[in-house]
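> let me see the structure of the following:
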Amino acid sequence: LDWRVDLGTILDRHGGKVAVQGNLDPTLLHADPERIRAEVGRIATRIGGRPGHIWNLGHGILPDIPVAHAQAFVAAAKAAGDESVRGT
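Here you go, the predicted structure:
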């Protein structure tokens, strides 16, 4: 799912019927890890515990992204997914 599409709207319309993947702006991985975690948190809030979201970028990863920033995204997405599964 492209990062310019409102994830909440898509999940409201199709949640539970189809899975959606993505929604994080790939250029955000140029930002510091704290900003990356904050954006993952914002997306997690939009998901609101609804099933059917697969964490990913809204497009491919850019070649100049620092590895530590990609790792920060993966860790934050995993934590957000774990919280969603636990219902916290």
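
> show me the shaky parts of this protein.
15, 82-88 (pLDDT under 70).

> and the top helix by length along the chain, which residues are buried?
Selection of the longest helix in the chain by residue count, based on DSSP state H, yields helix 67-86. Neighbour counts over helix 67-86 (16 or more other Cβ atoms under 10 Å) mark 69, 70, 72, 73, 76, 77, 80, 81, 84 as buried. Yep, even glycine has a C-beta here, placed from its N, CA and C like the rest.

> need these in a markdown table (columns: distance to residue 50).
Below are the buried residues of helix 67-86 laid out as a markdown table (distance: Cβ to Cβ, whole Å):
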| residue | distance to residue 50 |
| --- | --- |
| 69 | 27 |
| 70 | 26 |
| 72 | 24 |
| 73 | 21 |
| 76 | 19 |
| 77 | 16 |
| 80 | 13 |
| 81 | 12 |
| 84 | 9 |
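
> residue 77 against residue 54, yeah?
No - with contact defined as Cβ atoms under 8 Å, residue 77 does not count as touching residue 54 (9.5 Å).

> hey, C-alpha coordinates of the longest helix of the chain in PDB?
This file holds the C-alpha atoms of helix 67-86, laid out as PDB (Å, rounded to 0.1, in the frame of the first residue of the first chain):
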ATOM      1  CA  VAL A  67      21.300  -0.300   7.800                       C
ATOM      2  CA  ALA A  68      20.700   0.900  11.400                       C
ATOM      3  CA  HIS A  69      17.700   2.800  10.200                       C
ATOM      4  CA  ALA A  70      16.200  -0.200   8.400                       C
ATOM      5  CA  GLN A  71      16.800  -2.200  11.500                       C
ATOM      6  CA  ALA A  72      15.000   0.400  13.600                       C
ATOM      7  CA  PHE A  73      12.000   0.100  11.300                       C
ATOM      8  CA  VAL A  74      12.000  -3.700  11.500                       C
ATOM      9  CA  ALA A  75      12.300  -3.600  15.300                       C
ATOM     10  CA  ALA A  76       9.500  -1.000  15.700                       C
ATOM     11  CA  ALA A  77       7.200  -2.800  13.300                       C
ATOM     12  CA  LYS A  78       7.800  -6.100  15.100                       C
ATOM     13  CA  ALA A  79       7.100  -4.500  18.400                       C
ATOM     14  CA  ALA A  80       3.900  -2.900  17.000                       C
ATOM     15  CA  GLY A  81       2.800  -6.200  15.600                       C
ATOM     16  CA  ASP A  82       3.400  -8.000  18.900                       C
ATOM     17  CA  GLU A  83       1.400  -5.400  20.700                       C
ATOM     18  CA  SER A  84      -1.500  -5.700  18.300                       C
ATOM     19  CA  VAL A  85      -1.500  -9.500  18.700                       C
ATOM     20  CA  ARG A  86      -1.500  -9.200  22.500                       C
END
